[in-house]
Structures are given as C-alpha cells and as structure tokens.
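Q: no sequence for this one, just the structure:
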C-alpha cells in the first residue's frame, strides 16, 4: 500500500445522499417507491434457527454494510451507495469466521436474475472485507439493488441473514467532471468525493492509502453512524 500523507477535513453532513445535505448532485438521485433499507437499532444480533450457525455475543458488532445514512438526524435509514464507476466496490463488516457470503447485484429488488453474483468465503478473522465488482453493464443515472446473504448451513431451509441496499451510478455534470479532472492528489480526490457524496470511491480512495489514512477512515465511518465497526481491521479477502 502507498504511504502518501493525506489530510482532509470531515464534514459530517456532506455525505448525505437524498437527505438534509445541501449538495445538488446528491439531491439529484431519484427517489424510489421501494422500501428503504434500515440498520438494526442497537446492533441487535441475528439469532439463527440452525444450531450449525454461529451466534454473535451480545454487545459485539453485527454483520454490517458500510453504507451512508439517508439523513444524519435518523440513524436507521440507509442512503444509496453512489458511484461513478461500472465496477464499484462494496465494503462489509464480517463478524463470522465460518460459513460464506453470497453477494448479488440486481436491476431492482423484484428482479429474478442477477446482473452479477459472487460467493465469498469467510476469513479466519472478523473484520471489514471488500466485494470488488468486474466491469458491468450498469448504466449511468440508474438505481440498482444489491444483497449480501450469509450462508452458514447447507440445509435448504436454514435461516439466513441478509443485508440489502441500493447502488446509484451517477453521471457528473460537466462542471463537476472538470473539477474531478483537476483533482490530482489523493487529498483533492477525497475532498471531491466527500463534497459530492460519492461514497464508493471515497471509501476505496481511503483504503488505498492505508495505514496513513486510518484516522480519516474512522472519522468518515463515525459520521455515518458506523462507530461500532470503524476501528475493525481490513481483511484481504476475497
């Protein structure tokens, strides 16, 4: 990893996507009639029905998607993951060391056929892992549905824990495209992504400068209500 020195001020309401932020680009993301994903209040652990599946101890971080809040005044509703890329990266906290995950990207929550699917084996440590997508035919100014399912038992009717959310591929206006092209340093790009609520690229840019950007990573996650996992280690899988 690079050891570039990075400095950036954290503005907590700059990451609001469709919420109370004043960012015109973030507010341009269209609303949807589909249910808004929510975070479990109080980090309530999932209780599996199958004895083969592990159970998280009370007070420990649960399976969590690293997604921005819809509104900083509401710690439950999750906003869309905004990206500029055809191959965005998603980040999740894994509290499990057995079993596997299945990630799927779909055109909508009602779609039956996935645009992309990937099986991810768990690590022997708990921590944050990335799901990096290949180049996909996802269109600009389109909203997509993603889900991450934890599979801990081969039984067909076993209970499974599932997270879900939405991805929106943004098309930058000409002025912002020019602004991004002039962002030559890591600090400049981080400031740009934060300013316009481009969550996927913001996290990936920070990850690429670890460990020097550890404090920035923690501040960005804390600002989005992710304090429970902001100090968890980054894992190398998949």
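A: It's in. Model, not experiment: these values are computed from the prediction.
Q: dump the residue contacts of residue 93.
A: Counting by Cβ atoms under 8 Å, 6 or more residues apart in numbering, residue 93 touches 61, 63-64, 66, 126-128, 229, 232. No exception for glycine: its C-beta is placed from N, CA and C like everyone else's.
Q: so what's it bridging to?
A: Beta-bridge partners recorded for residue 93 (DSSP bridges): residue 64, residue 128.
Q: can you tell me how far it sits from residue 102?
A: As judged by Cβ to Cβ, to the nearest Å, residue 93 and residue 102 stand 17 Å apart.
Q: repeat for residue 202
A: 26 Å.
Q: now do residue 56
A: According to Cβ to Cβ, residue 56 and residue 102 sit 19 Å apart.
Q: So between the two, which is more surrounded?
A: Neighbours of residue 56 and residue 102, each counted by other Cβ atoms under 10 Å, are more numerous for residue 56; the result is 19 against 16.
Q: any idea which element the more buried one lies in?
A: Under the criterion DSSP states H and E, no helix or strand holds residue 56.
Q: in terms of contact, does it touch residue 126 like I think?
A: No: contact criterion Cβ atoms under 8 Å: residue 56 and residue 126 do not qualify, at 9.5 Å.
Q: Need the overlap of contacts for those two.
A: Contact with both residue 56 and residue 126 is made by residues residue 95, according to Cβ under 8 Å, 6+ apart.
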